[in-house]
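Student: Predicted model follows, preceded by the sequence.
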Amino acid sequence: MKFAARSPGPLVLRRLPETWEPAVFRHITLTPCAPTLGAQVDGVDLSRALDREVFAELDRALLEWKVLFFREQPLSEAAHAAFAERWGPLFDDQLVPTHRDNSVENVVVFERNAETVGLENGWHCDGTFRPEPPMGTVLRAIEVPALGGDTLFADMAAAYDNLPEELQEAVEERVAVHDWSLGAYSGKYADRLDELRAEVPPVEQPVVRRHPLTGRKTLFVNRFFTREILGLPREEGDALLARLCAQAEIPELQCRFRWRPGSIAFWDNQAVQHYGANDYWPERRVMARASIAHRHARE
Ligand code: OGA
Ligand code: MN
């Protein structure tokens, strides 16, 4: 099968599920970055415990905007963990847990520099090789290069909406295999590949997944971890996979965040893919990440 290439012209830019009215926020101020995703949030101090109303507004804002940005929030690791934990239990998303002295459990600090080269510059969704990929990630900048090292986000519900109808139909019930050892990600575990492959084996995920809270159909394949689409001749499956992954690369479905020390991005990993630009090597960039395993049961 040949898949129609995308043609120029306006896109479907639907931000909310069809049945949702945009919420009115009373405790926070939102400044949108792009038509369907990304909003900067002001008026909240993340170093303090969030009261119930503020938490509810942030949660609603996350579902509506898919990624929230905060400025001037130089959190301690403990405060970073406490903020992320309001949504759900944290876990260390590395295959081999990171151990550092004086660290807060499950807040992973990672440094990129001349020797430790960043490999985040591919479109991906975190941890789709796990049976239950993380619900979201809170990423905080500690030290950033003078220029470069932005993070880009792509709206994967909009990515689905903008597929030609025949492709939407072609992927409706499809299932794909996700495998952490597929690409560059496996490099850092090269000496233990077989052992870790046995521990974290490939998993099947739907190609289109309904977001559990917004109900929106969301394209759920990515170049980092999706190995193949099942049930199609290999060549056709690979061509389909490439066509689907390319949806994350449509600029109108993206937003881009320029970091400063103390900036935070909180993304809904069930709604977006992300891409860490690597245009700053060999400079230093230090970030801290808290991955949220799944949502707390709703109160
Ligand atoms: C991540 C990631 C991108 C970045 O932390 O999962 O992909 O810009 N980060 O650091
Ligand atoms: Mn990532």
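Tutor: Cool, got the structure. Numbering: from 1, shown residues only. Ligands and ions are numbered 1, 2, ... in the order given.
Student: For ligand 1, give me its nearest residue in the stretch 1-150 of the chain.
Tutor: Distance from ligand 1 to each residue of the stretch 1-150 of the chain (Cβ to the nearest ligand atom) is smallest for Glu120, at 3.9 Å. In this view, the C-beta of every residue, glycine as well, is placed from N, C-alpha and C.
Student: got it, and the stretch 151-299 of the chain?
Tutor: Per Cβ to the nearest ligand atom, Gly276 is where the stretch 151-299 of the chain lies closest to ligand 1, at 2.6 Å.
Student: what's the closest non-adjacent residue to that residue?
Tutor: Glu120 (3.0 Å; Cβ to Cβ, 6 or more residues apart in numbering).
Student: And Gln73, by the same measure?
Tutor: Using Cβ to Cβ, 6+ apart and skipping residues adjacent in sequence, the residue nearest Gln73 is Leu46, 4.7 Å away.
Student: before we move on, what SS does Ala265 have?
Tutor: Assigned with DSSP: H, G, I helix; E, B strand; the rest coil, Ala265 falls in the strand class.
Student: Quick one: residues contacting the residue nearest to Gly276.
Tutor: Residues in contact with Glu120 (Cβ atoms under 8 Å, 6 or more residues apart in numbering) are Thr151, His274, Tyr275, Gly276, Asn278.
Student: Thr116 - how many residues pack around it?
Tutor: Residues near Thr116, counting by other Cβ atoms under 10 Å, number 14.
Student: ok, the residue nearest to Gln73 to Gly149 distance?
Tutor: 21 Å (Cβ to Cβ, to the nearest Å).
Student: And the helices in the protein?
Tutor: 52-65, 77-85, 156-161, 165-171, 193-199, 234-245 (DSSP state H).
Student: helices or strands up against the longest one?
Tutor: Spelled out, that is helix 52-65. Helix 52-65 is packed against strand 29-32, strand 39-42, strand 67-70, strand 264-268, with contacts defined by 3 or more Cβ pairs under 8 Å, 6 or more residues apart in numbering; DSSP states H and E.
Student: With the last one instead?
Tutor: When contacts are defined as 3+ Cβ pairs under 8 Å, 6+ apart, helix 234-245 sits against helix 165-171, strand 226-229.
Student: Report the buried residues of it.
Tutor: By 16 or more other Cβ atoms under 10 Å, the buried positions in helix 234-245 come out as Gly237, Ala239, Leu240, Leu241, Arg243, Leu244, Cys245.
Student: Return the distance of it from the chain's centre.
Tutor: Remark: helix 234-245 is offset 22 Å from the chain centroid, using Cα atoms, centre = their mean, to the nearest Å.
Student: can you give me the mean pLDDT across it?
Tutor: Mean pLDDT, helix 234-245: 97.
Student: close to ligand 1, is stretch 252-269?
Tutor: No - using Cβ under 6 Å from any ligand atom, stretch 252-269 stays clear of ligand 1, coming no nearer than 7.9 Å.
Student: which residue sits closest to Gln247, ignoring its sequence neighbours?
Tutor: Using Cβ to Cβ, 6+ apart, the closest residue to Gln247 is Ala159 (3.7 Å).
Student: Contacts only, for the one you found.
Tutor: Listed by Cβ under 8 Å, 6+ apart, the contact partners of Ala159 are Thr218, Leu219, Gln247, Ala248, Ile250, Leu253.
Student: any idea how far it is from His99?
Tutor: Distance from Ala159 to His99, counting by Cβ to Cβ: 37 Å.
Student: next one: Asp126
Tutor: Asp126 sits at a distance of 21 Å from His99 (criterion: Cβ to Cβ).
Student: got it, and Pro233?
Tutor: 45 Å.
Student: again with Val108
Tutor: Separation of Val108 from His99 (Cβ to Cβ): 11 Å.
Student: Compare these two and say which is more crowded by neighbours.
Tutor: A direct count of neighbours by other Cβ under 10 Å for Val108 and His99 places Val108 higher, at 21 against 7.
Student: Return the distance of that one relative to Thr128.
Tutor: Taken as Cβ to Cβ, the span from Val108 to Thr128 is 18 Å.
Student: Need the per-residue pLDDT for the residue of the stretch 1-150 of the chain closest to ligand 1.
Tutor: 93.
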